[in-house]
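*Asks:* Sequence first, then the predicted structure:
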There are 2 protein chains.
Amino acid sequence: MKEIPSNKQIRRANKEDVPALVAMLADDPLGMKREDYQTPLPQSYYQAYERINQDPNQQLMVVEHESGQIMGMLQLTFIPYLTYQGGIRAQIEGVRIAKPFRGRGVGEQLVRWAIDRAREEEAHLVQLTTDKKRPEALRFYEKLGFRASHEGMKLHFT
Amino acid sequence: MKEIPSNKQIRRANKEDVPALVAMLADDPLGMKREDYQTPLPQSYYQAYERINQDPNQQLMVVEHESGQIMGMLQLTFIPYLTYQGGIRAQIEGVRIAKPFRGRGVGEQLVRWAIDRAREEEAHLVQLTTDKKRPEALRFYEKLGFRASHEGMKLHFT
């Protein structure tokens, strides 16, 4: 696994990280409405972790501080399509940075790692959607080279 | 496989369908720039078809007319995430309708089929991105219940 500068390491999430990851997902104005962070954690999170972990197209990654704390997370998915002459796409989802570590470039390192992985995998593009209620996230991704060329449409069942 | 009204059938794409599917992908102002429809078809399309077909999270679907002609296509992907208490998302991509069959509700039937499948799979949402250069597609998806709540961001390597 690639290392990023100095005292941080990007690695695959393991089962023991799951509570810290859910805490991060819940610690957000949008996330707090849809997550259920409690002790013990609902089994559905562990089941999802196993499903992600067993799927070769999924990489659930964390950035770990040398102290052992989880600073951030991201899920990278590779999807094969017929379009673009049968290429694969890389998709980024669930980017979160723990509050004490925000504003230090951790998110940028993580997303740049994902872009590099996508290149290695010979994906022809990297895509993601970002909520229009998060204008600062839009600017963040634009700085990294993403263009908001598409509408991101959702139909929620629950 | 579910049938849709009268003389049409929605089924999984098979290998023999691939040339017709690529012809559809190429027959579009955006698609013609990025596809390579020729006889024989580049092997990369068949390789992508095999990769899609072997992945249990992918369903590449076609609508077939009783005459045997392919009227439309769509790819449905299920992605497991930690978000939403460990739910899965359904994602729609590559929706195309062959020119002679446009304006007859084929696309609507196909997308409604995908929404129904997502419900059966207990996905918590269905998502897709649509190019801002296709305003009529935006209205089409809004009519089906999708909301353009997100920006769809892309970073192209090629």
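*Replies:* Perfect, thanks for sending it.
*Asks:* neighbours around A:Leu74, how many?
*Replies:* 23 (other CB atoms under 10 Å in any protein chain shown). Using the backbone N, CA and C atoms, a C-beta is placed for each residue, glycine as well.
*Asks:* hang on, it packs against A:Gln109?
*Replies:* No. Using CB atoms under 8 Å, A:Leu74 is not in contact with A:Gln109, being 10.1 Å away.
*Asks:* How far does stretch A:131-146 sit from its chain's centre?
*Replies:* 14 Å (CA atoms, centre = their mean, to the nearest Å).
*Asks:* what number of residues lie near the spatially closest residue to A:Glu108 that is not a sequence neighbour?
*Replies:* Sequence neighbours aside, A:Leu144 is the residue nearest to A:Glu108 in space, at 6.8 Å (criterion: CB to CB, 6 or more residues apart in numbering or on different chains). Look at A:Leu144: counted by other CB under 10 Å, it has 16 neighbours.
*Asks:* Ok, A:Phe78 next?
*Replies:* A:Phe78 has 20 nearby residues by other CB under 10 Å.
*Asks:* Could I get the contacting residues of it?
*Replies:* Neighbour list for A:Phe78: A:Asn57, A:Ile88, A:Arg89, A:Ala90, A:Gln91, A:Ala118, A:Glu121, A:Ala123 [criterion: CB atoms under 8 Å, 6 or more residues apart in numbering or on different chains].
*Asks:* helix/strand/coil for A:Lys133?
*Replies:* At A:Lys133 the chain is in coil, as set by DSSP: H, G, I helix; E, B strand; the rest coil.
*Asks:* A:Leu128 now?
*Replies:* strand.
*Asks:* In this structure the residue nearest to A:Glu108 contacts A:Val111, no?
*Replies:* Yes. With contact defined as CB under 8 Å, A:Leu144 counts as touching A:Val111 (5.7 Å).
*Asks:* Please report how far the closest residue to A:Tyr37 other than its chain neighbours lies from A:Ser67.
*Replies:* In space, and not counting its chain neighbours, A:Tyr37 is closest to A:Ala26: 4.0 Å by CB to CB, 6+ apart. The gap separating A:Ala26 from A:Ser67 is 22 Å, by CB to CB, to the nearest Å.
*Asks:* what do you get for A:Glu108?
*Replies:* Taking CB to CB, one finds A:Glu108 at 20 Å from A:Ser67.
*Asks:* Between those two, which is the more surrounded one?
*Replies:* A:Glu108 (13 against 7).
*Asks:* so which helix or strand takes in that one?
*Replies:* Assigned by DSSP states H and E, A:Glu108 belongs to helix A:106-120.
*Asks:* how far out from the middle of the chain is that helix?
*Replies:* The answer for helix A:106-120 is 10 Å, by CA atoms, centre = their mean.
*Asks:* Could you do stretch A:48-66 as well?
*Replies:* 9 Å.
*Asks:* Looking only at it, what residues are buried by neighbour count?
*Replies:* A:48-49, A:51-52, A:55, A:57-65 (16 or more other CB atoms under 10 Å in any protein chain shown).
*Asks:* And for stretch A:32-42?
*Replies:* The neighbour-count check on stretch A:32-42 (16+ other CB under 10 Å) flags A:Arg34, A:Glu35, A:Tyr37, A:Leu41 as buried.
*Asks:* what's the answer for stretch A:16-31, then?
*Replies:* A:Asp17, A:Val18, A:Pro19, A:Ala20, A:Leu21, A:Val22, A:Met24, A:Leu25, A:Ala26, A:Gly31.
*Asks:* Switch the residues you listed over to a markdown table, and while doing so, append pLDDT to every line.
*Replies:* Putting the buried residues of stretch A:16-31 into a markdown table (pLDDT from 0 to 100) gives the following:
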| residue | pLDDT |
| --- | --- |
| A:Asp17 | 96 |
| A:Val18 | 96 |
| A:Pro19 | 94 |
| A:Ala20 | 94 |
| A:Leu21 | 95 |
| A:Val22 | 94 |
| A:Met24 | 93 |
| A:Leu25 | 92 |
| A:Ala26 | 90 |
| A:Gly31 | 77 |
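*Asks:* Can you name the two of those residues that sit furthest apart?
*Replies:* Maximum pairwise distance among the buried residues of stretch A:16-31 (CB to CB): 16.8 Å, between A:Asp17 and A:Gly31.
*Asks:* Next one: the residue positioned nearest the centre of chain A from chain B, what distance?
*Replies:* For chain A, the residue nearest the mean C-alpha position is A:Leu74 (1.9 Å; CA atoms, centre = their mean). Using CB to the nearest CB, to the nearest Å, one gets 11 Å for the distance from A:Leu74 to chain B.
*Asks:* would that residue count as being in a helix?
*Replies:* No. With three-state DSSP as the criterion, A:Leu74 is assigned strand and is not in a helix.
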